[in-house]
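**Q** here you go, sequence then predicted model.
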Amino acid sequence: MAAFLPFLLAALIPMLVGSLYYSPLLAGNAWMKANGFTEESLKGANMLVILILCYVFALMLTYPLWQLVVHQSGMMGVLAMQEGFGVAGSEVQNYYDDFLANYGDLHRTFGHGAMHGGVIGGLFVALPLIAINALFERRGWKYILIHLGYWIITLGLMGGVLCQFAMR
């Protein structure tokens with residue numbers, strides 16, 4: 001269970017950031033205006049269902065984000081299907097263990113993960129997804145930039161947590 005704790009905690013970040021980012025203190029009013037929402041139109045939603053689903057989707061997001069921000073995960077991906085991987089004393093497991101002993105902590109900082117999560121996750125994953133939908137929905141750049149700001153912050157924080165604490 002301890003190995004999954006950083007993933008479980010990182011999945012809370014979208015809701016925590018969203019509760020502040022989309023509040024009237026920050027981008028909430030601009031977000032409502034860009035979507036044509038009113039306070040009244042947002043009432044009546046089943047927030048428990050929304051929050052549970054958001055957590056499940058955020059949890060789904062943690063695994064590919066971990067692979068993006070933790071470079072050592074690529075080595076695991078290359079070797080995981082090799083005969084003997086995971087078997088103590090096997091040639092492939094010894095190779096993997098030696099690799100981690102030498103390079104397992106390289107680039108494993110919060111800042112490194114935050115940079116990859118925010119820049120690569122935000123600009124090269126979230127921006128195209130948001131912009132493609134926005135173009136077909138006839139939304140403007142303000143809408144795109146509001147959501148992009150949220151995802152750069154959110155993916156940066158998630159990437160930082162995963163890079164610093166997940167699966168050493």
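**A** Received the coordinates, thanks. Numbering: from 1, shown residues only.

**Q** what residues are up against the closest residue to residue 116 other than its chain neighbours?
**A** Nearest residue to residue 116, sequence neighbours excluded (Cβ to Cβ, 6 or more residues apart in numbering): residue 69, at 4.4 Å. In this view, the C-beta of every residue, glycine as well, is placed from N, C-alpha and C. Neighbour list for residue 69: 112, 113, 116, 117, 159, 160, 162, 163 [criterion: Cβ atoms under 8 Å, 6 or more residues apart in numbering].

**Q** redo those as CSV? Include neighbour count, secondary structure and distance to residue 50.
**A** Supplementary listing: those in CSV, determined by neighbours: other Cβ atoms under 10 Å; DSSP: H, G, I helix; E, B strand; the rest coil; distance: Cβ to Cβ, whole Å:
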residue, neighbour count, secondary structure, distance to residue 50
112, 18, helix, 32
113, 29, helix, 27
116, 23, helix, 29
117, 30, helix, 24
159, 31, helix, 24
160, 23, helix, 25
162, 29, helix, 24
163, 26, helix, 28
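
**Q** export stretch 57-64 to PDB, keeping only CA atoms.
**A** C-alpha atoms of stretch 57-64 as PDB (Å, rounded to 0.1, in the frame of the first residue of the first chain):
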ATOM      1  CA  PHE A  57     -10.000  10.100 -13.500                       C
ATOM      2  CA  ALA A  58      -7.100  11.800 -11.600                       C
ATOM      3  CA  LEU A  59      -6.000   8.500 -10.300                       C
ATOM      4  CA  MET A  60      -6.000   7.200 -13.900                       C
ATOM      5  CA  LEU A  61      -3.800  10.200 -14.900                       C
ATOM      6  CA  THR A  62      -1.200   9.500 -12.300                       C
ATOM      7  CA  TYR A  63       0.300   6.400 -14.000                       C
ATOM      8  CA  PRO A  64       1.100   7.900 -17.400                       C
END
